[in-house]
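A.B. asks: A predicted structure for the sequence below; I have some questions about it.
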Amino acid sequence: MREAISPAKRLAVTLRCLATGETFSSLSYSFRISRHAISEIILEVCKAIYTVLKGNFLKIPSTEEEWHTIAKRFEDVWQFPKCIGALDGKHVVVQSPDNSGSYYHNYKGTDSIVLMALVDADLQFIYVDVGTNGRVSDGGVWNKTTLCQALMGNKLHIPPPSPLPGRIKPVPIVVVADAAFSLKNHLIKPYPENQLNSESRVFNYRLSRARRCVENAFGVLANRMRVFRAPIALSPKKVEHIVLASTVLHNFLRRQKTGRALYTPATLTDREDLGAGDVLPGQWCVEPAPSSMLQLRAMGSNNYATNAKAVREEYRDYFSTNGAVSWQQMFH
């Protein structure tokens, strides 16, 4: 019998695939393993990586103290209090399965599955949902996730409503998102362009500043995991395992003291020059956008409850009074 492929070699093949985006044929020549075996190895190892690492590196907080820690970090780093995450999603372009028709067709006319993610202030994924077919409206993908249902059903043990610093009116813990989502009590998004005055412009800037976490997280993921630079020629189910393994590896590398600077050097992500009022784009912004990761469309409804509108207005007033920073006028 021939010698079995060692675990170390299996891991090396998988990491090479994720990091470079090499085809199975190219990997076959490099590692002297058949293309068929490589396809099986990568799937098995991705499943194992996610299973082993998710418990420590990709889990939703389960106590108020853990949520407070995330919110405190957003307040310290991004000056956005009572925020427990930045939300966004991407269409990951895949190979359509046989006889699937238009089930996976997205608004660009390609086939995709949606990666929905909640990211903390340090560009780490708190929660990911992957696998919804690209045909589902982008705003509706979030409503289908287990996190959305748990958040709206008050099942996440998040802290109760309390006033913003220096304010009186209690507001709930919030998630920041863009125009692709609907305004909710726990989810706030920017004001439409046709409703902007000085205060709402400041609010939009401060919101987009906090949202930069999730934009940079996706940018780093696509820059370092080059498998996302081009459409992935695999079935949706196989791509799901690749995406999950990539996100948990991203968190693992972001938390390593010795490897973090190598994985995400300072020039890779956006930086701010507060003195000049400029945002210096990271390296991931300079490169052409990955053709395998498409942005969600702005389809969020403008119909929302009065309570949700009041929460956004309280944040708007806070950022123009108690929570104002000296440099916000330069940016907005």
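C.D. replies: Thanks, I have it.

A.B. asks: just the helices in the stretch 151-300 of the chain please.
C.D. replies: 198-224, 236-255, 260-263, 283-286 (DSSP state H, counting those that start in this stretch).

A.B. asks: next, the angle from the second one to helix 198-224.
C.D. replies: Meaning helix 236-255. 100 degrees (axes from the mean of the first three to the mean of the last three C-alpha atoms, to 10 degrees).

A.B. asks: who does helix 236-255 touch, helix- and strand-wise?
C.D. replies: helix 7-20, helix 35-57, strand 112-119, strand 125-133, helix 198-224, helix 260-263 (3 or more C-beta pairs under 8 Å, 6 or more residues apart in numbering; DSSP states H and E). Bear in mind the C-beta positions are built from the backbone N, C-alpha and C, glycine included.

A.B. asks: swap in the third one?
C.D. replies: Helix 260-263 makes packing contacts with helix 236-255 when contacts are defined by 3+ C-beta pairs under 8 Å, 6+ apart.

A.B. asks: chain center to the helix it packs on, what's the gap?
C.D. replies: 12 Å (C-alpha atoms, centre = their mean, to the nearest Å).

A.B. asks: ok, which of the helices of the stretch 151-300 of the chain comes nearest Glu313?
C.D. replies: Comparing the helices of the stretch 151-300 of the chain against Glu313 with C-beta to C-beta, the closest turns out to be helix 198-224 (9.0 Å).

A.B. asks: averaged pLDDT, that closest one. What do you get?
C.D. replies: Across helix 198-224, pLDDT averages out at 93.

A.B. asks: please point out which parts of that helix sit buried.
C.D. replies: Using 16 or more other C-beta atoms under 10 Å as the test for burial, helix 198-224 gives 200-224.

A.B. asks: stretch 259-273 too?
C.D. replies: Tyr263, Thr264, Leu268, Thr269, Asp270.

A.B. asks: likewise stretch 160-170?
C.D. replies: Neighbour-count burial for stretch 160-170 flags Leu164, Arg167 (criterion: 16+ other C-beta under 10 Å).
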